[in-house]
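> Output the structure for:
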Amino acid sequence: MKAMLPKSLRRLVAGITAAVVALTLLGVPGGAVAADGPGCRTVRLADIGWTDVTATTAMFSALVRDLGYDPVTTVLSVPVTYASLKNRDIDIFLGNWMPSMETDRHNYVAEGSVEVIRPNLTGARYTLAVPAYTWAQGLKDFDDIRRFAPQLDHAIYGIEPGNDGNRLVLGMLKQEQFGLRDFRLVESSEQGMLAEVERATKAHAPIVFLAWDPHPMNMRFDLRYLTGGDAVFGPNFGGAAVYTNTRAGYSAQCPNIGRLLRNLQFTTHGESEVMADILDRHATPEAAARAWLHAHRDTVRQWLTGVTTLDGRPASTAIAGAREAAGGTFAGFISGHKIPVGDWVATLIEYIKAHGRGLFDAISAIGGGSVNGLTALLAAVPGPLLILLLVALTWLLRRSWPTCLFVAAALLFIMNQGYWTETLQTLALVIVSVAMCTVIGVPIGIAAAHRPRLAAALHPVLDLMQTLPTFVYLIPTLVLFGLGVVPGLISTIIFALPAPIRLTQLGIAAVPEPLREAGAAFGATPLQMLLKIELPCAAATIITGISQCIMLSLSMVVIAALVGAGGLGVPVVRALNTVQIGMGFEAGFVIVLLAIILDRMTHSSASREPRT
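Predicted structure coming up:
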């Protein structure tokens, strides 16, 4: 039919159609667009875990929820966010920092799978910074960093592995720009980095870290942005704009949400206010967003110009009604009278931190020194010699040539894949954590086996230690010990300690009663009973508990990487955040091989029959 119409007539029909669409969009009272269809009810947003993106996403979610939509926010890394937009698993991303995310965004925009709506924030900054006292000491420019290398411990503090800012710093170090060949990047998270900055500030110690505006850190710390980093982060202290991105065709499919996205415009001060509520006053993102929106109604009215609810009603009326309804609901009343459990715990941690600094410094020195010292010792041994030593140890423990050959082949494969240094770091962490768990757990297990009341009291504590999400351990340990291997070590010990306690108690309790009676008949003292009868009989079970402790410790390597402990968890997290399938598989396979090696080396000891 289209081919049968004259060309001039086809142009006339197209023009009339475009005019009708325009009149439809503009003819709604107040300049509003047509209401979205039911398929637009669920609005899927990506949050990359940065507090500023969390704040803007929470504000947008609060608005669209009041308009009758169902916002769903998923925490993803930047590369995964763009892959999800392309796959149409995510609809909207409000945190596209440019130009630092140009590498992440470019291909998707070029192929048309991601649409750039508009900048929702201008005047942002993103580069390296130092505390004001360090700046006053002379560290003012990127070229000055190398002069402060000993005071900085050759470290620059970044955020999560795979982040675009981290990649810029890693590229700078790899290319040996500014003479920073011997420097390393400590990767953890936004909150981990800020905790380390707070520790350094209180100690008046120099530190170089990634910083950006908007962020409450600019109000919380007296910091200075370093000059001279234009070649790395761009001009004007990494001057940036933050853009709104959507999946291809989303604004056309959901024009009402599209209009709201085109209206959305934040300010650095406004975002910092919401972020301060989240970080400093511990409000939930939703509560902080709603409080800000309620206090800035004029701004909200500008955002809602030409926007309706999902069913086509005026947006301003619907939002006012939603606020009144929310305040009068039973859930609103309950949440408005929240029991401040979190505040109590935070106050307790602050009190402990203020009054236990000497103890925590001692623990940090012992734990961190043990892991770092063992790592340095393992690294000092030539790789081939260390492999031979581990094979010899395997022979002493297993007396099995196939097992020895497997250990040698697995270690050579790890070296071949380029993860030898990370493996040594992880191995040192596991050895120290297992040694401490054994020293602490076996005596406690023995005591629990002889004292039923102690065993009953320990049972819920051990359950809590193993069922509490492991990420929760990182919060107090990070505050108390700062970034590095120590919070990872402490969290690993807490998680793995129940295994040797439980199995030691089980092994001692399972000693046959006739053996105890025979020992008593021969006049054995309690210590002799323990050393000569109970421990030999329970040895297999105790060693099984230690073997389980090794496996549990290895399962924590990724957790340790999130607080700057290094090791094999770093490439795993980096691969996840950058969607590098090959790197993730390689690092994961290396962890599996290390687990098999350690399991095979200890398995036979656990299976041998005890001598009595």
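
> For the closest residue to L180 other than its chain neighbours, grab phi and psi.
Closest residue to L180 apart from its sequence neighbours, by C-beta to C-beta, 6 or more residues apart in numbering: L173 at 5.5 Å. Any C-beta I mention is one placed from the backbone N, CA and C, and that applies to glycine too. The phi and psi values for L173, taken as degrees, to the nearest 10, are phi -70, psi -40.

> Run a quick neighbour tally on L173.
L173: 17 surrounding residues under other C-beta atoms under 10 Å.

> show me what contacts it?
156, 180-181, 183-185 (C-beta atoms under 8 Å, 6 or more residues apart in numbering).

> In the strand or helix carrying D599, which residues are buried?
Assigned by DSSP states H and E, D599 belongs to helix 581-607. Within helix 581-607, the residues scored as buried using 16 or more other C-beta atoms under 10 Å are 583-584, 586-587, 590-591, 593-595, 597-598, 600-603, 606.

> now, which of the residues you listed sits nearest C537?
Comparing the buried residues of helix 581-607 against C537 with C-beta to C-beta places A606 closest, at 13.9 Å.

> before we move on, which element is A365 in?
Secondary structure assigned from DSSP H and E places A365 in helix 357-380.

> what's that helix packed up against?
helix 420-450, helix 470-481, helix 485-496 (3 or more C-beta pairs under 8 Å, 6 or more residues apart in numbering; DSSP states H and E).

> Out of those, which is the most enclosed?
helix 485-496 (a mean of 27; mean count of other C-beta atoms under 10 Å).

> Could you list the residues in contact with that one?
The contact list for helix 485-496, computed with C-beta under 8 Å, 6+ apart, reads 363-364, 367-368, 371-372, 429, 432-434, 436-437, 440, 465-466, 470, 473-474, 477-478, 480-481, 549, 552-553, 555-556, 559-561, 563-566.

> If A46 is in a bridge, with which residues?
T74, F93 (DSSP bridges).

> who's in contact with it?
Contacts of A46 (C-beta under 8 Å, 6+ apart): 57, 73-74, 76, 81, 84-85, 90, 92-93, 95.

> L462 too?
For L462, the contacting residues are 498, 501-502, by C-beta under 8 Å, 6+ apart.

> Need those residues in a markdown table (columns: pLDDT and secondary structure).
Formatted as a markdown table, the contacts of L462 follow (pLDDT from 0 to 100; DSSP: H, G, I helix; E, B strand; the rest coil):
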| residue | pLDDT | secondary structure |
| --- | --- | --- |
| P498 | 92 | helix |
| I501 | 94 | helix |
| R502 | 92 | helix |
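
> Would you convert the residues you listed into a markdown table that also reports distance to Y250 and neighbour count?
Below are the contacts of L462 laid out as a markdown table (distance: C-beta to C-beta, whole Å; neighbours: other C-beta atoms under 10 Å):
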| residue | distance to Y250 | neighbour count |
| --- | --- | --- |
| P498 | 48 | 26 |
| I501 | 54 | 26 |
| R502 | 52 | 22 |
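
> closest to G383 among those residues?
Out of the contacts of L462, the member with the shortest distance to G383 (by C-beta to C-beta) is P498, at 35.2 Å.

> mind checking which helix or strand the nearest residue to the closest one once chain neighbours are set aside is in?
Residue nearest to P498 in three dimensions, not counting chain neighbours: L462, with 4.1 Å by C-beta to C-beta, 6+ apart. For L462, the host element (DSSP H and E) is helix 452-467.

> Next: I117.
Secondary structure (DSSP H and E) places I117 in strand 114-131.

> Identify all contacting residues around the helix or strand following that strand.
Once the chain leaves strand 114-131, the next helix or strand it forms, by DSSP H and E, is helix 132-136. If you take C-beta under 8 Å, 6+ apart as the criterion, helix 132-136 is touched by 148, 204, 206-208, 222-224.

> circling back: can you add distance to C537, neighbour count and pLDDT and give the contacts of A46 back as a markdown table?
Formatted as a markdown table, the contacts of A46 follow (distance: C-beta to C-beta, whole Å; neighbours: other C-beta atoms under 10 Å; pLDDT from 0 to 100):
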| residue | distance to C537 | neighbour count | pLDDT |
| --- | --- | --- | --- |
| T57 | 59 | 24 | 95 |
| T73 | 55 | 19 | 93 |
| T74 | 53 | 13 | 92 |
| L76 | 52 | 23 | 85 |
| T81 | 57 | 29 | 92 |
| S84 | 56 | 19 | 93 |
| L85 | 61 | 26 | 95 |
| I90 | 58 | 24 | 94 |
| I92 | 63 | 26 | 96 |
| F93 | 61 | 27 | 96 |
| G95 | 60 | 25 | 93 |
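
> For L139, state which of the residues you listed is nearest.
Nearest to L139 among those, with distances taken as C-beta to C-beta, is G95, at 29.7 Å.

> Which residue is the nearest non-sequential neighbour of the closest one?
Closest to G95 by C-beta to C-beta, 6+ apart is V53, at 3.4 Å.

> angle of the helix or strand that neighbour falls within against strand 114-131?
Using DSSP H and E, V53 sits in helix 51-66. Angle, helix 51-66 to strand 114-131, by axes from the mean of the first three to the mean of the last three C-alpha atoms, to 10 degrees: 140 degrees.

> mind starting the numbering at 833 from now?
Will do, 833 is the new start, and the previous item becomes helix 883-898.

> how far is helix 883-898 from where the chain is centred?
Offset of helix 883-898 from its chain centre (C-alpha atoms, centre = their mean, to the nearest Å): 21 Å.

> How about stretch 941-953?
26 Å.

> Next: stretch 1247-1266.
When distances are taken as C-alpha atoms, centre = their mean, stretch 1247-1266 is centred 21 Å away from the chain's centroid.

> as a whole number, average confidence for it?
Mean pLDDT, computed over stretch 1247-1266, is 90.

> again with stretch 1349-1368
Stretch 1349-1368 carries an average pLDDT of 86.

> With respect to G1102, which of the contacts of helix 964-968 is nearest?
So of the contacts of helix 964-968, ranked by how close each gets to G1102 (C-beta to C-beta), first place is L1055, at 20.3 Å.

> how much space between the closest one and L1221?
47 Å (C-beta to C-beta, to the nearest Å).

> repeat for G1144
Taking C-beta to C-beta, one finds G1144 at 75 Å from L1221.

> neighbour-wise, which of those two wins?
Taking neighbours as other C-beta under 10 Å, G1144 and L1221 compare with G1144 leading, 14 against 11.

> Only the buried members of the contacts of L1005: can you turn that into a PyMOL selection?
Buried members of the contacts of L1005, defined by 16+ other C-beta under 10 Å, are picked up in PyMOL with:
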select buried, resi 988+1012+1015+1017
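
> follow-up on the earlier one: let's see the helix holding V885 as CSV, backbone CA atoms only.
The C-alpha coordinates for helix 883-898 follow below in CSV (Å, rounded to 0.1, in the frame of the first residue of the first chain):
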residue,chain,number,x,y,z
THR,A,883,26.3,7.7,47.9
ASP,A,884,25.5,10.5,45.5
VAL,A,885,24.0,8.1,43.0
THR,A,886,22.1,6.4,45.9
ALA,A,887,20.8,9.8,46.9
THR,A,888,19.6,10.8,43.4
THR,A,889,18.1,7.4,42.8
ALA,A,890,16.2,7.5,46.1
MET,A,891,14.8,11.0,45.3
PHE,A,892,13.7,9.8,41.8
SER,A,893,12.2,6.6,43.3
ALA,A,894,10.2,8.6,45.9
LEU,A,895,8.8,10.8,43.2
VAL,A,896,7.7,8.1,40.8
ARG,A,897,6.3,6.0,43.7
ASP,A,898,4.0,8.9,44.6
